[in-house]
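Q: sharing a model prediction with you, sequence too.
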Amino acid sequence: MPRKPRVWYPGAMYHVTARGNRKNNLFRDRKDYQFYLTLLQKANEKLPFILHSYCLMPNHIHLIIETIEDPLSQIIHYVHSNYAKYFNKKYDYIGHVFQDRYFAKLIKNWKQIMDTSSYIHLNPVRSRYVKNPEDYYWSSYKTFIISGYKTLADPTKILKNLGDHPNDKYKFYVETKLNTKDWGFIK
């Protein structure tokens with residue numbers, strides 16, 4: 001049975017996840033993480049999009065991407081096919097690097113983007129890599145809580161709806177979920 005085509009339109013926003021094949025690590029050292037982020041940046045120059053949030057875990061990735069004129073499939077294909085070539089060459093492997101095709105859930109409203117972003121930023125805590133989300137290096141969380149901190153992510157759309165002191169409010173929102181163990185799971 002053929003798969004259903006993904007929903008896409010200019011301005012569509014998605015929570016994208018992808019896992020390493022057989023749950024193996026996608027990132028084995030600092031250079032692997034940096035190369036993936038470089039590919040995201042190159043993809044953005046070639047196929048413009050807005051990267052709202054991200055977290056690169058050792059064996060999977062989370063991204064919130066808003067498309068502009070190019071379908072999400074072209075963006076992810078560019079990043080993942082180039083990353084797979086890099087990974088296989090570096091580690092002398094052949095075959096699939098990513099398990100299955102990427103998952104993309106359409107984000108339909110502001111609450112969903114807030115919950116998804118907090119879920120992404122809490123992922124390293126939930127996985128027990130760090131105690132606090134700001135301690136995880138391969139995430140866009142600090143971009144949200146420290147004014148002027150730069151990563152590839154653009155937190156503007158999320159923060160602008162939080163009024164005065166948006167960095168503090170976002171941090172409070174995420175920490176509330178952390179303290180209550182309401183991790184912001186996406187339904």
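A: Nice, thanks for sending it over.
Q: and for stretch 109-117, what's in contact with it?
A: The contact list for stretch 109-117, computed with CB atoms under 8 Å, 6 or more residues apart in numbering, reads 13, 15, 52-53, 64, 105, 107, 144, 157-158, 161, 173, 184, 186. C-beta coordinates here come from the backbone N, C-alpha and C atoms, glycine included.
Q: ditto for stretch 28-35
A: Contact with stretch 28-35 is made by 26-27, 56, 58, 83, 86-87, 90-91, 137-138, as judged by CB under 8 Å, 6+ apart.
Q: so which of the residues you listed sit within helices?
A: Using DSSP state H, the subset of those located in helices is 83, 86-87, 90-91.
Q: show me which of the residues you listed is closest to K150.
A: For the ones in helices among the contacts of stretch 28-35, the minimum distance to K150 (CB to CB) is 22.4 Å, reached by Y83.
Q: state the pLDDT value of the closest residue in space to N82 that isn't next to it in sequence.
A: Distances taken as CB to CB, 6 or more residues apart in numbering put L39 closest to N82, at 5.3 Å, once the chain neighbours are dropped. Among the per-residue scores, L39 shows a pLDDT of 98.
Q: gap between L39 and V16?
A: The gap separating L39 from V16 is 14 Å, by CB to CB, to the nearest Å.
Q: give me the sheet partners of the strand of greatest length in the chain and which way each runs.
A: Ranked by residue count and defined by DSSP state E, the top strand of the chain is strand 98-107. Strand 98-107 has the following strand partners under DSSP bridges: strand 13-20 (antiparallel).
Q: return the distance of stretch 43-56 from the chain's centre.
A: 9 Å (CA atoms, centre = their mean, to the nearest Å).
Q: same thing with stretch 102-114?
A: In this view, stretch 102-114 has its centroid 12 Å away from the chain centroid, taken as CA atoms, centre = their mean.
Q: so this structure: which segments form each domain?
A: 13-107, 110-180 (automatic domain parsing).
Q: ignoring the adjacent residues along the chain, who's closest to the most centrally placed residue in the chain?
A: Most central residue of the chain, judged by C-alpha distance to the mean C-alpha position with CA atoms, centre = their mean, is L63 at 1.9 Å. Nearest residue to L63 in three dimensions, chain neighbours excluded: V16, at 4.3 Å (CB to CB, 6+ apart).
Q: what's across from that neighbour in the sheet?
A: For V16, the beta-bridge partners under DSSP bridges are L63, A104.
Q: and it, what pLDDT?
A: Listed pLDDT for V16 reads 98.
Q: output the contacts of stretch 109-117 as TSV; include the columns distance to H96 and neighbour count.
A: Formatted as TSV, the contacts of stretch 109-117 follow (distance: CB to CB, whole Å; neighbours: other CB atoms under 10 Å):
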residue	distance to H96	neighbour count
M13	27	22
H15	22	23
H52	28	26
S53	26	26
I64	25	25
K105	22	14
I107	27	22
F144	33	29
K157	33	15
I158	33	22
N161	39	12
Y173	37	19
G184	30	20
I186	25	13
